[in-house]
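Peer 1: 3D, please:
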Amino acid sequence: MKQEVSIVDVAREAGVSIATVSNVVNGKGRVSTKTIQKVRKVIDELGYTPNLPARNLKTKRTDLIGVVVPTMKPGRLQDNPFYWDLLAGVEEGARDRSFHIILTGIDEATETFSFVKERRLDGLIVVGTNEGSQAVQRVTGLGVPAVFIDSYLKDSGLYQVNLDDRQGSYRATSYLIEQGHRRIALLIGDIPMERIAYYGVLHERWLGYRDALEEAGIPYDPRLMIKLPTSLAGGYKAADQLVELPDVTAIFSFSDVSAMGVLKGLKEKNKSVPGEYSVIGFDNLFMSEYTSPSLTTVSQNIIEKGHAAVRMLLNQIDGVPLSERRIVLPAGLVVRETTGPGPHQSSE
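Peer 2: Got it, this is the predicted structure:
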């Protein structure tokens, strides 16, 4: 049986101390670039793999972080590619610092987070929880570093990464109004409108929609709120409701994936886009450019959102002082083929 290569073997072959090899492996200490390259070359040649259990006993760390998505609806993760991109960003950032991630979906009302202690996780990234959620209280009570993404929590002591959702929604709605649309339906998600303030991201986007209407002197009409799940199927069903709304010429979906469902539903009803209806999504998913017609959408850098969250978390774990606890990333508008001029409106 081949003898396992040890850190001593690497140090001897590279002609450096064991401490230097340890610093190179862990990315710590002051080591010259030339020495780092030499040590890494020897590590590759000898096939050395660090003894993680031994290192973890010494550092009292597992180099594991959890990514938590509160959801009571099975399939939410696979239904929306937004989460794929977000997880890719988190994984890339974690891998660069030699951390690994564990993904889990939870029911906010019942989850005890016992898995955090059982797996000895070094920290948590929580995606899309909301003010007043029991999950927030339980996470903060764990005593482990945590970052909340897309959560809009009021506690200024919590570490958060958000998008400027309100501005993004305002820009999308304003663009439709500039194109001559006055009756703009909103595909908002499967939520009760009387509790919209509880849903941080959706609430901010709804406020941006209302900001644009108010600025243009267009009355808000609650009958234009289409409440269906954020999924391809939800968007597809939304087309049935859309065509029944009088004088509506545009629809703004709070997700690209739902907007794609709308496009399919309208096509099957022989409704032209953007001739009869303009459609805007939100997220600028990679496939939004490849729909037919290509989807106009509010853009956000989802990968960077994941990078920002994992940097913030790992700096907490490493004890690095952070100058800010809340990061707000910008939102833009990408105009493609699903939007066009609204019909001529006679003055009332």
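
Peer 1: now do the domain split for the chain, please.
Peer 2: According to automatic domain parsing, the chain comprises the domains 7-50, 64-163+302-329, 165-300.

Peer 1: now the longest one: mean pLDDT?
Peer 2: Throughout domain 165-300, pLDDT has a mean value of 96.

Peer 1: which strands and helices lie in contact with the strand or helix carrying Leu263?
Peer 2: Element membership of Leu263, judged by DSSP states H and E, is helix 256-268. Here helix 256-268 touches helix 81-96, strand 184-187, helix 232-242, strand 250-253, strand 278-283, going by 3 or more C-beta pairs under 8 Å, 6 or more residues apart in numbering; DSSP states H and E. (Each C-beta comes from the backbone N, C-alpha and C, glycine too.)

Peer 1: the longest one - contacts with which helices or strands?
Peer 2: Translated: helix 81-96. Using 3+ C-beta pairs under 8 Å, 6+ apart, helix 81-96 sits against strand 64-70, strand 100-106, strand 123-127, helix 256-268, helix 302-317.

Peer 1: possible to save those as TSV with distance to Ala135 and mean neighbour count?
Peer 2: Putting those into TSV (distance: least, C-beta to C-beta, whole Å; neighbours: other C-beta atoms under 10 Å) gives the following:
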stretch	distance to Ala135	mean neighbour count
strand 64-70	6	22
strand 100-106	7	15
strand 123-127	7	25
helix 256-268	24	23
helix 302-317	16	21
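
Peer 1: to Val335, which of these lies closest?
Peer 2: helix 256-268 (13.9 Å; C-beta to C-beta).

Peer 1: run the chain-centre distance for that closest one.
Peer 2: 22 Å (C-alpha atoms, centre = their mean, to the nearest Å).

Peer 1: now it against strand 278-283, angle please.
Peer 2: Helix 256-268 and strand 278-283 are oriented at 160 degrees to each other (axes from the mean of the first three to the mean of the last three C-alpha atoms, to 10 degrees).

Peer 1: between helix 81-96 and helix 256-268, find me the angle.
Peer 2: 150 degrees.

Peer 1: now do the helices in the stretch 101-250 of the chain.
Peer 2: Under the criterion DSSP state H, counting those that start in this stretch, helices of the stretch 101-250 of the chain are mapped to 114-118, 134-140, 165-178, 200-216, 232-242.

Peer 1: of the helices and strands packed on helix 81-96, which is nearest Leu333?
Peer 2: Here helix 256-268 is closest among the helices and strands packed on helix 81-96 (C-beta to C-beta), at 13.0 Å.

Peer 1: and the closest one, C-alpha only, in CSV?
Peer 2: Output of helix 256-268 as CSV, limited to C-alpha atoms (Å, rounded to 0.1, in the frame of the first residue of the first chain):
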residue,chain,number,x,y,z
ASP,A,256,-37.7,36.3,-15.4
VAL,A,257,-38.9,32.7,-15.0
SER,A,258,-42.5,33.8,-14.6
ALA,A,259,-42.2,36.2,-17.5
MET,A,260,-41.1,33.3,-19.7
GLY,A,261,-44.2,31.4,-18.7
VAL,A,262,-46.3,34.5,-19.7
LEU,A,263,-44.6,34.6,-23.1
LYS,A,264,-45.6,30.9,-23.7
GLY,A,265,-49.1,31.5,-22.5
LEU,A,266,-49.6,34.6,-24.7
LYS,A,267,-48.2,32.8,-27.8
GLU,A,268,-50.6,29.9,-27.4
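
Peer 1: now do that helix against helix 232-242, angle only.
Peer 2: Going by the same axes, to 10 degrees, helix 256-268 makes 50 degrees with helix 232-242.

Peer 1: on that earlier part again, deepest-packed of the helices and strands packed on helix 256-268, please.
Peer 2: strand 250-253 (a mean of 30; mean count of other C-beta atoms under 10 Å).

Peer 1: partner strands of it, with direction?
Peer 2: Its sheet considered, strand 250-253 pairs with strand 184-187 (parallel), strand 278-283 (parallel) by DSSP bridges.

Peer 1: what about Pro50, neighbour count?
Peer 2: By the criterion of other C-beta atoms under 10 Å, Pro50 has 15 neighbours.

Peer 1: distance of it from Val21?
Peer 2: Separation of Pro50 from Val21 (C-beta to C-beta, to the nearest Å): 10 Å.
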